[in-house]
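K.L.:
prediction below, plus the sequence it came from.
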Amino acid sequence: MLNLNNPLEVRKAGIKALSDAIGPLGMARFLQQYEPGYGDYTKEKYEEPDISWDEFAGLLNKYRAKH
């Protein structure tokens, strides 16, 4: 029997139920929706990036070459 007073048991049972119902990938995507996030998006969206366009393009090209 599930001990509802034990958060670890409740979490494990919940993850198993999700995985059984919608599969591991569906479970991961569902859990990603509840990621708390971090930072101050409202402030950061107006800040200049710490990388130049040329550096960004270089990183993008490296990524594309690997994938």
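P.N.:
Here it is on my side, so go on.
K.L.:
only C-alpha atoms for contact and neighbour calcs from this point on.
P.N.:
Fine.
K.L.:
what mean pLDDT does the longest helix along the chain have?
P.N.:
Taking residue count as the measure and DSSP state H as the definition, the longest helix of the chain comes out as helix 7-32. Helix 7-32 shows a mean pLDDT of 92 in the predicted model.
K.L.:
and the very next helix or strand once past that helix, how far from the chain's centre?
P.N.:
The helix or strand immediately downstream of helix 7-32 is helix 41-44, counting by DSSP states H and E. A distance of 19 Å separates the C-alpha centroid of helix 41-44 from that of its chain, computed with C-alpha atoms, centre = their mean, to the nearest Å.
K.L.:
ok, and what's touching the one helix or strand residue 65 maps to?
P.N.:
Secondary structure from DSSP H and E places residue 65 in helix 53-66. Judged by C-alpha atoms under 8 Å, 6 or more residues apart in numbering, helix 53-66 makes no contacts with residues elsewhere in the structure.
K.L.:
CA atoms of it as PDB?
P.N.:
As requested, C-alpha coordinates have been extracted for helix 53-66 and formatted as PDB (Å, rounded to 0.1, in the frame of the first residue of the first chain):
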ATOM      1  CA  TRP A  53      26.900  37.400 -34.200                       C
ATOM      2  CA  ASP A  54      30.100  36.000 -35.600                       C
ATOM      3  CA  GLU A  55      30.700  33.900 -32.500                       C
ATOM      4  CA  PHE A  56      27.100  32.800 -32.600                       C
ATOM      5  CA  ALA A  57      27.300  31.800 -36.200                       C
ATOM      6  CA  GLY A  58      30.500  29.800 -35.500                       C
ATOM      7  CA  LEU A  59      28.800  27.900 -32.700                       C
ATOM      8  CA  LEU A  60      25.800  27.300 -34.900                       C
ATOM      9  CA  ASN A  61      27.900  25.900 -37.700                       C
ATOM     10  CA  LYS A  62      29.700  23.600 -35.300                       C
ATOM     11  CA  TYR A  63      26.400  22.300 -34.000                       C
ATOM     12  CA  ARG A  64      25.100  21.700 -37.500                       C
ATOM     13  CA  ALA A  65      28.200  19.900 -38.500                       C
ATOM     14  CA  LYS A  66      27.800  17.500 -35.600                       C
END
